[in-house]
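In: Any chance you can model this:
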Amino acid sequence: MKRVWILVLIVIIILGIIFIPRIFFNKGDDNLSFKILEENQIPEDIVNMLPKYQDKERALSCEVDEEIYVIVTRGEKRTAGYGVTIEKIEKVKTDDEVEFIVYAKYKDPKPEEIVPQVITYPTVVAKLEVDSLPDKIKLQTEYME
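Out: Prediction:
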């Protein structure tokens, strides 16, 4: 009988070691569901607002018609061949604020690739399945090979 109690106590201690840090130290990181929008699906309000923000590399969030959107821009590029896509969006909760971390992949033209000499503004718009805007938004980038 004593062995059973010792075994039960050991199991409880092991489970406590595994789960207690998750309860106290997990700040609520979540991967958010989103849909990348085609050019014809982007709300007109966003289309009208984009020229003000496309000249710099950044991530933005906005609310249009009670829907939340994330926009990633690469800034002004002097040739075609540049692109951007969103890999994932993480929602990080701290004690007093919510932050979205946007993980984007950039595509650049290859050095030997022939591309038109035209000014472009690579941009991607994603519709999120969340209820409210974040307090902060952060852009994490990676280049495609």
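In: How far does the lowest-mean-pLDDT helix or strand in the chain sit from its chain's centre?
Out: One helix or strand of the chain scores below all others by mean pLDDT, DSSP states H and E: helix 2-25, with a mean of 74. Put simply, helix 2-25 sits 36 Å off its chain's centre (C-alpha atoms, centre = their mean, to the nearest Å).
In: what's the answer for stretch 60-77, then?
Out: 11 Å.
In: First-to-last residue distance for it?
Out: Taking C-alpha to C-alpha, to the nearest Å, stretch 60-77 runs 19 Å from one end to the other.
In: Next: stretch 123-132.
Out: Using C-alpha to C-alpha, the end-to-end distance of stretch 123-132 comes out at 22 Å.
In: ok, now which ones touch Tyr106?
Out: The contact partners of Tyr106, by C-beta atoms under 8 Å, 6 or more residues apart in numbering, come to Arg74, Tyr82, Gly83, Val84, Pro122, Thr141, Glu142, Tyr143, Met144. For every residue, glycine as well, the C-beta is placed using N, CA and C.
In: any weak-confidence spans in this protein?
Out: 19-29 (pLDDT under 70).
In: mind listing the strands for it?
Out: For the chain, applying DSSP state E gives strands covering 30-31, 34-36, 57-64, 67-74, 83-93, 98-107, 123-128, 136-143.
In: Could you dump the ones you listed into TSV and include distance to Val47?
Out: Shown next, in TSV, are the strands of the chain (distance: least, C-beta to C-beta, whole Å):
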stretch	distance to Val47
strand 30-31	28
strand 34-36	16
strand 57-64	10
strand 67-74	11
strand 83-93	17
strand 98-107	20
strand 123-128	9
strand 136-143	20
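In: Tell me the spacing between Ser132 and Arg74.
Out: Between Ser132 and Arg74 the computed distance is 27 Å (C-beta to C-beta, to the nearest Å).
In: And for Pro111?
Out: From Pro111 to Arg74 the distance is 18 Å (C-beta to C-beta).
In: From the neighbour counts alone, determine which of those two ranks first.
Out: Neighbour count, other C-beta atoms under 10 Å: between Pro111 and Arg74, Arg74 has more, with 22 against 5.
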